[in-house]
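> how would this look folded up:
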Amino acid sequence: MVFNITSIKTSSNGAWQGDNPLDYAFPLLIVQTTLILVLSRFLAFLLKPLRQPKVIAEILGGILLGPSALGRNEEYLNRIFPTWSTPILESVASIGLLFFLFLVGLELDLSSIRRSGKRAFGIAAAGISLPFLCGVGVAFVLRSAVDGADKVGYGQYLVFMGVALSITAFPVLARILAELKLLTTQVGETAMAAAAFNDVAAWILLALAVALAGDGTGGAHKSPLISVWVLLCGVAFVIFMMVIIRPAMAWVGRRCSPEHDSVDEAYICLTLAGVLVSGFMTDLIGIHSIFGAFVFGLTIPKGGEFAQRLIERIEDFVTGLLLPLYFASSGLKTNVAKIQGAEAWGLLVLVITTACAGKIFGTFFAALLCKVPAREAMVLGVLMNTKGLVELIVLNIGKEKKVLNDEMFAILVLMALFTTFITTPTVMAIYKPARAASTRTHRRLQSSPSSKDELRVMACLHGPGNVPSLINLIESTRSTKKSQLKLYVMHLVELTERSSSIVMVQRLRKNGFPFINRFRQGEKHDRVTAAFEAYGQLGRVTVRPSTAISALSTMHEDICHVAEEKRVTMIVLPFHKLWRKEEEGEDSMENMGHAWRAVNQRVLKHAPCSVAVLVDRGFGDGSRNTVVGSDGNRVQRVCIIFFGGPDDREAMELGGRMAEHPAVKVTVLRFVEEDGMEGGNVLLRPSPNRPTENSYSFSTAVMNRETEKQLDELAVSEFRKRWEWAAEYVEKEAINVVEAVLAVGRSGDYELIVVGKGRFPSTMVAQLADRHAEHPELGPIGDVLASSAHGVVSSVVVIQRHDLAHIDEAPASKVVHEAEGTIKDNKPLSAIGISKDLP
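Below is the predicted model:
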């Protein structure tokens, strides 16, 4: 069907009036966008197990929708992607590209590039120069072998081919490094620094290529002075932006700092308009409009509230909706059918081989000269071979300027796809970061070899909201005697598909260990760092702030790995729910979500040391009733609830450390069975068919109950002997365990309640095995106190002692021993959590 482009209307009158919406611009754009998004997301889902970046799925989606696959059906192509709709789709996609390149400039910190050193610069220079020369060399072969390639001027063709083969995709590389957990290793840091140099060089070369290309005709009538004028005007534009606009944006950044009440919306709107104006100016000069948007992004002050607000406003819309249209439009223009015959496919192999060899070996030999080990040097070469957005921009501009014909365009797009696709599996095959094997030592508070001299604690947090309670908890465990406290503070940051999660990564500096980095991630992280550094100044507390940036599904690996390497005695995790008292006096709850809860569950399962989960209800913020001691200082009241078992003994050990602190008043509340209840023997049977999401799990280990009783009595005796002067010990009979525990939590007599998880429970705790669990990872008693429905006002710490004997856990059902020698239920019993010995 032939259309006059000037006759195309925006919207239809509807199917009831005989109009086909697909014959109108806007309804067709909606259909095209939906189709592209659905297909690219589906492909991303399929490629996720292979850990491929999203750009691969988006380009593949465009290729499948285009003339290479579905587009072979002429009726489909003319109906869904007609020729007249191409300028409309590409215009919308170009708006997304414009703002995305603004985000890339906003995220690229030039000062960090200057700090990266000569080694990264040398590796980047070699990684660009050799493939550029290889690209120039292969261009001579392609000019003679590809029909129509010799119609383009030599200079334009050689520069475009050199640039196409030498580019490294900075955002895509960052994503791959993060997925492989190499981001803050020596290899990852060097790769990121070299890629940043490469990115800047790529933009300079791209500007040169566009200036040389002109209108793509390359005829003799074109004066070479035109290209010179374009380049000079481009340089003048960059100088103007850096000298005039950058200080102006710095002033705007200061006006929008946290010292002011809010970020003025007018500044946001003017900045977004500035992106469009900058793009127009570089297009007016003769360089592509995206160059102006990128340079304008460089002028925005990094790391402040203003930059973060800009990212939040535009990132999801641009990267989630508009940018996939650009990748897809590139795929739609790729017709693999143009690569016909053995010679054409041989040229594709030649291009891929040349691109890979130039990039990998150029980087490899440069890295060896910089004294990088051979294996790491090879990994650097493979990583730097990653292609992506800028590569597609170069190819699209080349096609637009008629430097590349359909066949060459298809060959280079497939080259970019292949080189990016092989990066992740190749790196995984040849390199694993050195991670020491776990010694599986028994690191716990009770009988810890470090307890006499230095206590090492790792406190994890989600954000500034966790800081006050964590500082108060750690301070309450700080001995005022000879023992030292070393505190590792790990800020847990989720790595998402959003590119802004890489903003923080780019500003991290290595501090001697993977995923141990100084905070350099904006105002929020500066506040966190400042709070803990100020706390460290109090004396005998060595604070090591750090960040773990990872997908939530693998976050526990980083936590456990650092705990193992740093020989940590206890990990403190924030509960996924956070309570705060509002000004009106009402409690509000913030729920971080199930994914963060799953992080805690995996850490509890795999930790190489004891773990404490802090359920914070305003611990230490002064919102609860407080007691003033005889010296006039505020006293924190802590209750240790003791039933018996390894976890409860660990909780008592923590209570003993707290008792040493003069500003902490510790009470040990031991629940015992009421007289006459001895006959109520309870056993637990493994119940693998019970759902784990709402059932408590108990240790499957076989343990001697009499020995455990003796250990409980010994622990209580030692505690009373050592801390009789500093702590109060109370025994209390309980018929209804739940009500007895809740009475303590509701009373408001204690700011903090410490309980054991109870994986090897006492008889009283075993009574709760069949209870519906809201938070089974906290154990029966911890779950009762953490529930938001019971009116508990105290914060809670649930302790799990590290013990290899209790690694295996399973849901269990309660079995009551009704009379001498009889058991209710004749099925065989496991030794799981036996609370009383059978007669």
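
> burial of Phe280, as a residue count?
If you count neighbours by other CB atoms under 10 Å, Phe280 ends up with 14. In this view, the C-beta of every residue, glycine as well, is placed from N, C-alpha and C.

> So, low pLDDT: which residues of the stretch 201-350 of the chain?
214-224, 257-263, 303 (pLDDT under 70).

> all strands of it, in order?
Shown for the stretch 201-350 of the chain, no strands are assigned by DSSP state E, counting those that start in this stretch.

> next one: the stretch 351-500 of the chain
Applying DSSP E, counting those that start in this stretch to the stretch 351-500 of the chain gives strands spanning 454-461, 484-494.

> Pick the most buried one from these.
Ranked by mean neighbour count, the strands of the stretch 351-500 of the chain are led by strand 454-461 with a mean of 23 (mean count of other CB atoms under 10 Å).

> Distance of the most centrally placed residue in the chain relative to Met555?
Nearest residue to the geometric centre of the chain (CA atoms, centre = their mean): Leu495, 1.4 Å. Separation of Leu495 from Met555 (CB to CB, to the nearest Å) stands at 9 Å.

> Show residues contacting stretch 414-428.
When contacts are defined by CB atoms under 8 Å, 6 or more residues apart in numbering, stretch 414-428 is touched by residues 50-53, 55-56, 59-60, 164, 169, 172, 176, 179-180, 182, 334, 336, 339, 348, 351-352, 355-356, 359, 379, 382-383, 385-388, 391-392, 395.

> List only those of those flagged as buried.
52-53, 55-56, 59-60, 164, 169, 172, 176, 179-180, 182, 334, 336, 339, 348, 351-352, 355-356, 359, 379, 382-383, 385-388, 391-392, 395 (16 or more other CB atoms under 10 Å).

> just checking, which of those belong to helices?
In helices, defined here by DSSP state H, the members of the buried ones among the contacts of stretch 414-428 are 55-56, 59-60, 164, 172, 176, 179, 348, 351-352, 355-356, 359, 379, 382-383, 391-392, 395.

> Now Lys181. Its backbone dihedrals?
Here is the backbone geometry of Lys181 (degrees, to the nearest 10): phi 60, psi 40.

> wait, it sits on Asp558?
Yes: between Lys181 and Asp558 there is a contact at 7.3 Å, judged by CB atoms under 8 Å.

> Need the pLDDT of Val507.
Actually, residue 507 is Arg. It isn't Val. At Arg507, the pLDDT value in this model is 47.

> can you check Leu173 too?
For Leu173, pLDDT reads 81.

> Could you report the neighbour count for it?
Neighbour count for Leu173, taken as other CB under 10 Å: 29.

> For it, give its distance to Ala207.
22 Å.

> In contact with Glu708, which residues?
Going by CB under 8 Å, 6+ apart, Glu708 touches Gly644, Gly645, Pro646, Phe760.

> ok, back up a step: the residue nearest to the centre of the chain is in contact with Ala548, isn't it?
No: when contacts are counted by CB under 8 Å, Leu495 is not listed as touching Ala548 (9.5 Å).

> what residues does stretch 715-730 touch?
446, 642, 649, 652-653, 655-656, 659-660, 665-670.

> in it, what counts as buried?
Those would be Ala715, Val716, Phe719, Trp723, Ala727, Tyr729, for stretch 715-730 by 16+ other CB under 10 Å.

> could you point out which element follows the helix or strand hosting the first one?
By that I understand Ala715. Using DSSP states H and E, Ala715 sits in helix 705-723. Going down the chain from helix 705-723, the next helix or strand is strand 727-734, by DSSP H and E.

> tell me the mean pLDDT over that next one?
Mean predicted confidence for strand 727-734 is 88.

> Show me the strands paired with that strand, marking each as parallel or antiparallel.
strand 664-673 (parallel) (DSSP bridges).

> buried residues in the partner strand?
For strand 664-673, a neighbour-count test (16+ other CB under 10 Å) marks Val664, Lys665, Val666, Thr667, Val668, Leu669, Arg670, Phe671 as buried.
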